[in-house]
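*Asks:* give me coordinates for this.
(chains A and B)
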Amino acid sequence: MTEPATEQRAIYTPLSDTPGCYLREPDDAHPPLDYPPYKSTALRHPKQPLVYLPQTMTEITGPRFGDVRAFGEHDSNLLVQHEGEPIGERITVSGRVFDTEGKPLRDTLVEIWQANAAGRYLHRWDRWPAPLDPNFSGAGRCLTDAEGRFRFMTIKPGPYPWGNHYNAWRPAHIHFSLLGRAFAQRLVTQMYFPGDPFFPYDPIFNSVTDERARERMVSRFSIHATEPNWAAAYEFDIYLRGPGATPFEAPA
Amino acid sequence: MIFPTTPSQTVGPYFAIGLPWPEGPHAVAARTPGAIRIGGYVYDGAGAPVPDNLIETWQADPEGRFADVYGYGGRSGLDGFRGFARSGHEDGDGSFEILTVKPGQVCTPDGLVQAPHIDVSVFARGMLNRCVTRIYFADEVEANEADPVLARVPANRRHTLLAQPSPDGYSFDIRLQGPGETVFFAV
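*Replies:* Numbering: from 1, shown residues only, chains lettered A, B, ... in the order given. Coordinates of the predicted model:
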């Protein structure tokens, strides 16, 4: 404790992790913060090495949902938040939240936000000339049930152009935010739709360089989950970090 | 069986549609005695403010206990203590601010005492994953000197983790890159 920590020590020497600690993820589990094809990363990624943080009580605990946000009646149904119905392809988006051991996470907060069917966000900064929909805000939230399930009713968002490079388009996506049950489990991601023709051209989607990992962000169309004569259905399961048996899990 | 995690993606520029809410920045009830404000700016590698920053914090109460989902570590007894704060704006100027109380000491699993600290997640457009840092308090000199996590941080960078006293609490700036780059952690 008396000698100054060197960077080597800072990164590789654990103090000791809490018994209820979370698995250390391999370096490529998430996209790199420095990813030149996505130009906005250039000035927004740290250049110094990350310092290893032992998981203490602060990292292995997390907020109670009821403390975080109050829920309204229509929070998980984005079709009924206004007087009229939004325009677009009605869909359900449902799935389960698991940890990496396959254990469902109950009572965890799932928050979503998205563009409307024309690919326009209800946000002051979104100025591309696609119509806003007076009947669509594009935000929802719910808690997972005892089996980790969540379910939203919404409309399928449209793709939209953005300024990253010439003729850049984002594939249609829904943003997902998950608190998990611990600070260590926090995840923000995006859910995509199967077979999107914009996939090969999107640096954000392709910042996840492993094809199988990218597939974990793509929802499945499910004819079984459709509501006949009402809504198509997409399913999306989410995996958050699970418990780590020791401070030094070998990378998978 | 071990399943791989779902990969992270950027929170994007439009998170204000879904994530902030009016009481979001309050880790404690507004009436809480001793409540303080902690605020500052998030800067990019060119020194420009990051207007679309989303900041989340998680911390113990003054007794070192948490408002944990399962009461792990002993339930906080502080009325209205949430421990979690979220700050983000539709039309931001790069600043963030939370209302909270100074946390107490939290032990490590092997019994070392940590100085008061707040865990912070930083999200923004252009960040494909969150960056994690910690707020420590510049006026906790002795506790900081004995803190086992600060001890791992190169001495010449520790100052980036110290919130400085301000008239109504503390100020804490986050520099994502470049001179004075904030120390970020691998959790």
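*Asks:* please enumerate the helices of chain B.
*Replies:* B:141-145 (DSSP state H).
*Asks:* pull the helix or strand with minimum mean pLDDT from it.
*Replies:* Lowest by mean pLDDT, DSSP states H and E among the helices and strands of chain B is strand B:106-107, with a mean of 87.
*Asks:* adjacent strands (with direction) for it?
*Replies:* Counting by DSSP bridges, the strands paired with strand B:106-107 are strand B:113-114 (antiparallel).
*Asks:* any idea of the mean pLDDT in the strand it pairs with?
*Replies:* Here strand B:113-114 scores 94 as its mean pLDDT.
*Asks:* what residues does that strand touch?
*Replies:* The contact list for strand B:113-114 (CB atoms under 8 Å, 6 or more residues apart in numbering or on different chains) reads A:Thr56, A:Thr58, B:Gln105, B:Val106, B:Cys107, B:Thr108, B:Ala143, B:Ala146, B:Asp147, B:Pro148, B:Val149. Quick note: C-beta positions are derived from backbone N, CA and C, even for glycine.
*Asks:* swap in stretch B:17-31?
*Replies:* A:69, A:111-114, A:121-123, A:137-141, A:175, A:177, B:11, B:35, B:54, B:57, B:59, B:78-90, B:96-101.
*Asks:* again with stretch A:223-230
*Replies:* By CB under 8 Å, 6+ apart, stretch A:223-230 touches A:Arg90, A:Thr92, A:Ser94, A:Ala232, A:Ala233, A:Tyr234, A:Glu235.
*Asks:* average pLDDT for it, rounded please.
*Replies:* For stretch A:223-230, the mean per-residue pLDDT is 96.
*Asks:* check stretch A:65-72 too.
*Replies:* For stretch A:65-72, mean pLDDT rounds to 73.
*Asks:* could you tell me how far that stretch lies from the centre of the chain?
*Replies:* 19 Å (CA atoms, centre = their mean, to the nearest Å).
*Asks:* can I get the CA coordinates of it in CSV?
*Replies:* The C-alpha trace of stretch A:65-72 is given here as CSV (Å, rounded to 0.1, in the frame of the first residue of the first chain):
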residue,chain,number,x,y,z
PHE,A,65,-37.0,-0.7,-9.7
GLY,A,66,-39.6,1.1,-7.7
ASP,A,67,-37.0,3.6,-6.5
VAL,A,68,-35.9,4.3,-10.1
ARG,A,69,-39.1,5.1,-11.9
ALA,A,70,-42.8,5.1,-11.4
PHE,A,71,-44.8,3.1,-13.9
GLY,A,72,-47.8,4.3,-15.8
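*Asks:* where does chain B dip in pLDDT?
*Replies:* B:1 (pLDDT under 70).
*Asks:* right, I'll call it a day here.
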